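>>> with the input below, show me the fold.
(chains A and B)
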Amino acid sequence: MSNHKPPVLILHATGTNRDREAAWACELAGGAPEIVHVNRLISGETSLEDYRMLVLPGGFSYGDDLGAGKLWAVALAGRLADALTDFVARGRPVLGICNGFQALVKAGLLPGAMDGTNRAATLTRNDSGRFECRWVYLQPQADSPCVFTRELTEPIFCPVAHGEGKFVTRDAATFAALTANRQAALCYTGPGGTAAGYPWNPNGSQGDIAGVCNARGNVFGLMPHPENHLIAEQHPHYHRGVTGMSGLPLFRNGILYAAGL
Amino acid sequence: MIYRVAVNTRAEMTDARGAALGRQAEALGVHGLERIAVADLYFLDGVLDEAAVEALARDLLCDPVVEETTWAALPLKGCGAAAPGELVIEVALLPGVTDSVAENLLAAAHLMGAAGLERAATGHRYAMRGEIGDAAAKRLAAGLLANPVIQSYAINCLIEPPFLAPQPVDATVEVIKLTGVGDAALEAISKDRRLSLDLAEMQAIQRYYHVEGREPTDVELEMLAQTWSEHCVHKTFKALIDYRELDAQGAIIPGSVRVVDSLLNTYIRAATDAIAKPWVYSAFVDNAGIIAFDDYFDLAFKAETHNHPSALEPFGGANTGVGGVIRDVIGVSARPIANTDVLCFGPPDFPLSELPAGVLHPQRIADGVIAGVEDYGNKMGIPTVNGAILYDNGYTANPLVFCGCLGILPHGSHRNEPQPGDLVVVVGGRTGRDGIRGATFSSMEMDHETSEIAGSAVQIGHPIHEKQALEAVMLARDAGLYTAITDCGAGGLSSAIGEMGAELGAEIHLDRVPLKYSGLRPWEIWLSEAQERMVLAIPPAHWPAFEQICAGLDIEATALGTFTGDGRLVLRYEGCVVGDLSAAFLHGGIPRRHLRAEWQRPAETDAGVAISVTAGDLMALLAQPDTRSKEDVVRLYDHEVQGGAVVKPFVGAQAAGPGDAAVLDLRFQRELGTLTSAKDADGAEKVPGVALSCGVNPHYGDLDPYRMAWAAVDEAMRNCVAVGADPDHVALLDNFCWGNPALPDRLGSLVKCAQGCYDAAVAYGAPFISGKDSLNNEYLGQDGTKHAIPGTLLISALGIVPDVGATVTMDLKAAGDRLYVLGETRDEMGGSALYRARGLAGGQPPGPSADGPELLRRLHQAIRPGLVRACHDLSEGGLAVAAAEMALAGGLGLELRLGEMPQGESLTDTALAFSESLSRFIVEVTEANAERFEAQMAGLPCTYAGHVSADDRVTLLGSDGSLVIETTLAGIEHAWRGHLA
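Presented below is the predicted three-dimensional model:
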């Protein structure tokens, strides 16, 4: 690998709080992350086109008022639509984690193009009716166009921490199309590949979908937090001698892809 | 024109909120509701055409995939009455209560082009089926869906849009005549204005104004009352106390009579001074205690309580309690990295009919408090990693909410020396009429009318403002932009600026304070405890840079005046002086209290009648609300954010076992690009971390508050060391919650407890670095009887873990391993879980263990090289409960021989299994390491008493080899986690 570290913009909206971990993940994966408040992009102080990859990290943007990620989506659609559309059209990778995923979906960037008024899917309240923090297994889907899960076969083990993570499509046809296009790049699974009933599917997502990409595969969002499992000591069974299944490969794939652009 | 928008979940979608409310209604005894449908209500006021309203409803307020919306201009035709068999309850915040959703809605609507929208408000509509009668409907409305302290509700009719009528600016300043006023009138002034000042204090104020030659303004008098409140100045802990002890018959015990010259100096600070650890950088001086972490970083730690607000408005009270302690940590220039919470409630099944008037049901309080903790911590992105929940009848009217926060700061980066000429800057949320007189309110006893008169004492949190203020402070700290910083807590700006300017003095323009709405009088602006505000001293040259940082983070900063250097606190409103106080009098003028304290030994009732136990006793203890799994609560808290949790709240094969303490790896707190770990001499990687734990057991206090203090310190130390902390590198926080200290018996037990704190801390070499007392936790019933809480001491421990790679969890690891019991068991069953479950009074609560400090050290020396595979401390429920928990967490059985436990005298099997003696552990060691482990523990009470088994049986064998308790993992699972299903 070359010494070239692709610059990664970690977008901080008011209320974002997992930006620093996302930056660490990108750094450990070989990128050069920088945390930038959305106001700096809006003011033009910083330009999105100077970056090779974009991460929308987790948190409670604008308090999740009016629905998780909704107001961030309004800000993106209202102030940065052109820059974002251009970034995506150039094929640069975009990763939304948890609140960032919610914002991408509600801005219409996932699973389709940016079309906020006729959305194909949403992330809504967990079936349990409450916020939950627990570790989950994520099975990568073979043959997905997603650049972040390319060639991943082993499950990823990492925590979820959300109250509004239930993935629902507008209708059965949309769900069928997502499945046919292999856009559901990560699905919840039980330990050892067993079926993912609650709590392994922690929120009641349709088809156990944990993460989806756009048709081209360069925009990807997921509810769980791969950035919270980067080193062995973070594994919940570390003290029982169990390690592995970290979230780092997702970031490595993204950075490698960005470096190759 | 006002429009009303309703957003419903579409019929074919799950209404998760409605389902959850249905469960809560059942728990509150409202039965017969079939289905609760929850709708969000929005009120939009301004010059809007229908197309604009339609666009906002469709594109901003509604999620089209799962929701649908209806809207109409007000007034609506009809009153919204429900169809037969239907019940509709609508709820809205009271006008003026912080509503962040409405604020954000306004901003987003403007961004989307709806420029005509002038103001917005929100509410909820609950529609349900079921005929439950008017009384039950009212109970549902006021007992679950709305809290009248901050919300209004309407049953089967439409709620009014909760807009605050614009109020004119009110510059009124009252002058209160004190000259020539007699003692009775002085006391009446204090009472009428709810100043909570006693006669001596009122007289001191009267003398001050006599010398000044004028009368006080309301601004000044209110400021003195807040500054001199128990909450702010801790006058009981600084008082002169005449103390004595009585025997059970009421005779004075010879030699027990003494004068305590300040509890704080005699027992708490004195312990820290005697221990004299060089790594303590700040104790009892700043908003939080500060210790060294490594060569680059320091740690700040603080715990607070928010009890009275949580009794009245559980969500808001706990929410702002968390927000407040986080600000304490920001107030020492640290980034918050972990929260802790210890909660004390009345029994969840407390009979509704026996609830005192004006008191919320314990389950309602618990639900609200837990939701408040969840909301603030999660939104701030701070992991909640350690805590406890306790239940006792004594907490029914007066719950306790302890909130702790740990922060990290680059070594030496906290500055606290304002200079003359520096600007006085407030950053964060705006000021409103919320939380007025909170400091004096929290220093009063509560009665059935408190909730009616104290509405304004409740603060409402806005964690996102605090998050952005935090980010602004971190940038300003690293750029060296401020010379001092403190948080705005109790007493508001009055307290924050008053303390920061205690030596310099300051001139403040109250009309510059940004307000949420107009109409606040100058004294209200000065005293308001509106949340999420920090005060900084900023040299004028740095002001533009600071303003720019704040603007970039969407947070407001305002310069209110300057630090002057003349020692006067001068307050102006629109140019006029409305207050002018000597800072020396404000902070030094309070007369010292002289109090009487008495502790009477309880009659020696030996409950030690020989009681025998069965597996049923163990199952009953495991199923107690105090002991059983708290997974339903703890998973509501994000414990993974910031990526540091190495020993998590739940440990073991199924992540279901209760970890003794949390361990945090701080590598991700460093600057990007520095992820390396120090190498020690032999090349092995060592990454230091921190452990957080707590100790609390109010049930020992009635028998002996001195021993209760020992038990709390010992438990916090045990928990911390069990996971891998170095016992010689642990700092403690003390939080006392007690009743009315003017009553000698309450104060007597407090003195006794403080003595125990000193002795235990010195024995363990663990200094106190910060603490707080919350007194007057009493409730005056309508029948005139006082209900004091059980005197409650929380000890929080912060331990340095030399190597996060050498940490230990409590789950059993492998069949065949040996189990050792460390520490001597004695007949100490007083206040134990077994006695309480069996309804037995008396007995001795656990006392100090002379071996404790050395035992902890040697255990740590065994953990460092990896000789310990699992370790669990013995606490509530003794050995039996600890063994069951270890087995369940590991998914493995075990066998223990009670007769082989270390014991001084020959004990019954019951005592061996259930006594709660201090300084004890169960430790799992491999056969291969047994010899090394035994050598490590040589000379201390440590015996090989059993082994881990491959089957699913947990067996305790008696001294004569008989079977005392035998159960299965499934049985333990059912008892300990059955309520989660």
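
>>> could I get the full set of helices for the stretch 1-150 of chain A?
Under the criterion DSSP state H, counting those that start in this stretch, the stretch 1-150 of chain A carries helices at the ranges A:19-28, A:38-43, A:70-79, A:81-89, A:99-106.

>>> winner for burial among these?
Each of the helices of the stretch 1-150 of chain A was scored by mean neighbour count; the highest is helix A:99-106, a mean of 29, by mean count of other CB atoms under 10 Å in any protein chain shown. Glycine gets a C-beta too; all of them are placed from N, C-alpha and C.

>>> helices and strands around that helix, which ones?
Helix A:99-106 makes packing contacts with strand A:53-56, helix A:70-79, strand A:94-97, strand A:121-124, strand A:219-222 when contacts are defined by 3 or more CB pairs under 8 Å, 6 or more residues apart in numbering or on different chains; DSSP states H and E.

>>> and these as CSV, adding distance to B:Lys277 and mean pLDDT?
Compiled in CSV, the helices and strands packed on helix A:99-106 are given as follows (distance: least, CB to CB, whole Å; pLDDT from 0 to 100):
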stretch, distance to B:Lys277, mean pLDDT
strand A:53-56, 42, 98
helix A:70-79, 46, 94
strand A:94-97, 41, 98
strand A:121-124, 49, 96
strand A:219-222, 46, 98
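
>>> closest to chain B out of those?
Nearest to chain B among the helices and strands packed on helix A:99-106 is strand A:121-124; the distance by CB to the nearest CB comes to 3.8 Å.

>>> right, and the helices of the stretch 1-150 of chain A - which one's nearest B:Leu76?
Nearest to B:Leu76, of all the helices of the stretch 1-150 of chain A, is helix A:70-79, at 26.5 Å by CB to CB.

>>> so how far is the closest one from its chain's centroid?
In terms of CA atoms, centre = their mean, to the nearest Å, the centre of helix A:70-79 is found 17 Å from the chain centre.

>>> quick check: angle from it to helix A:99-106?
If you take axes from the mean of the first three to the mean of the last three CA atoms, to 10 degrees, helix A:70-79 sits at 60 degrees to helix A:99-106.

>>> by contact count, what packs against helix A:70-79?
Of the remaining helices and strands, those touching helix A:70-79 by 3+ CB pairs under 8 Å, 6+ apart are helix A:38-43, helix A:99-106, helix B:100-111.

>>> so what touches that helix?
Residues external to helix A:70-79 that are found in contact with it (CB atoms under 8 Å, 6 or more residues apart in numbering or on different chains): A:13, A:38, A:41-42, A:56, A:61-62, A:64-65, A:84, A:99, A:102-109, A:114, A:116, B:60, B:63, B:104, B:108, B:111-112.

>>> report the inter-axis angle for that helix versus helix A:81-89.
Interaxial angle, helix A:70-79 versus helix A:81-89 (the same axes, to 10 degrees): 100 degrees.

>>> related to what we said a few turns ago, turn the helices of the stretch 1-150 of chain A into CSV, including distance to B:Leu595.
CSV is the format used below for the helices of the stretch 1-150 of chain A (distance: least, CB to CB, whole Å):
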stretch, distance to B:Leu595
helix A:19-28, 49
helix A:38-43, 54
helix A:70-79, 53
helix A:81-89, 66
helix A:99-106, 52
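
>>> rewinding a little: and the helices and strands packed on helix A:70-79 as CSV, adding distance to B:Ile611 and mean pLDDT?
Supplementary listing: the helices and strands packed on helix A:70-79 in CSV, determined by distance: least, CB to CB, whole Å; pLDDT from 0 to 100:
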stretch, distance to B:Ile611, mean pLDDT
helix A:38-43, 65, 94
helix A:99-106, 55, 97
helix B:100-111, 55, 92
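
>>> between these, which gets nearest to B:Glu895?
helix A:99-106 (49.1 Å).

>>> around chain A, pick out the residues from the stretch 501-650 of chain B.
Contacts of the stretch 501-650 of chain B with chain A, taken as CB under 8 Å from any CB of the partner chain, map to B:552-554, B:635-643, B:645-648, B:650.

>>> residue closest to the middle of chain B?
The C-alpha lying nearest the average C-alpha coordinate of chain B belongs to B:Cys403 (CA atoms, centre = their mean; 2.0 Å).

>>> and that one, what does it touch?
B:303-306, B:318, B:321-322, B:324-325, B:339-341, B:373 are the contacts of B:Cys403 under CB under 8 Å, 6+ apart.

>>> can you show me the strands along the stretch 101-250 of chain A?
With strands called from DSSP state E, counting those that start in this stretch, the stretch 101-250 of chain A shows them at A:121-124, A:132-140, A:156-162, A:166-169, A:186-189, A:209-213, A:219-222.
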